[in-house]
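S.K.: Whatever this is, show me its structure:
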Amino acid sequence: MGGSRRLENMNPDVGPRPSQQSRAEAEKSAFGVTQILFRAFLLSALGSFFVFSLNVKYVWLSAILTAAGLILGIVVLVRAVKFKHSKLVLFGTISGLVVSAIMCLLILTSVLFYKQVTTYQDCTRSALTENAKSQCLSQLEDSMPGSLR
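M.R.: Modelled structure (predicted):
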């Protein structure tokens, strides 16, 4: 005959319990993932700014990087609050999201006035003196619609 089943063998409290060590490892792992996401967020936000300042003809790439930055920033912000990460991560994420929002406005403006901005950029690249640069700026102002002057 088979062995008897004793009540103590069926006790659900017996067996491996989650230890404090595994909880600490989970927190460390969550912080590592948040750090990687935070670095990717900062890289996309800075990359968007540098691509935009390089040439307005790459505004599409800057828009993609800005959108990726906004998405990553929101994810990092949620993780920083949920897992109670350091205030530095939280401050950096909020600052980066503000920069990404400003980049959205810059990209939108550049798309709306693409012809004027490209003409201005080409003019300033060939301008060697401050007088020539100020003429480029006055040409940009003259080319804008009347309500924006």
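S.K.: can you tell me the helix or strand for the nearest residue to Val75 once chain neighbours are set aside?
M.R.: Distances taken as CB to CB, 6 or more residues apart in numbering place Leu37 nearest to Val75, at 5.9 Å, with adjacent residues excluded. (Each C-beta comes from the backbone N, C-alpha and C, glycine too.) Secondary structure assignment for Leu37, by DSSP states H and E: helix 20-54.
S.K.: after that helix comes which helix or strand?
M.R.: helix 59-82.
S.K.: Report the mean per-residue pLDDT for that next one.
M.R.: For helix 59-82, the mean pLDDT works out to 92.
S.K.: cool, and stretch 43-50?
M.R.: On average, stretch 43-50 scores 93.
S.K.: Thought Val51 was touching Met103, still the case?
M.R.: No. Contact criterion CB atoms under 8 Å: Met103 and Val51 do not qualify, at 10.1 Å.
S.K.: Leaving out the residues flanking it, which one is nearest to Leu65?
M.R.: Ser48 (3.7 Å).
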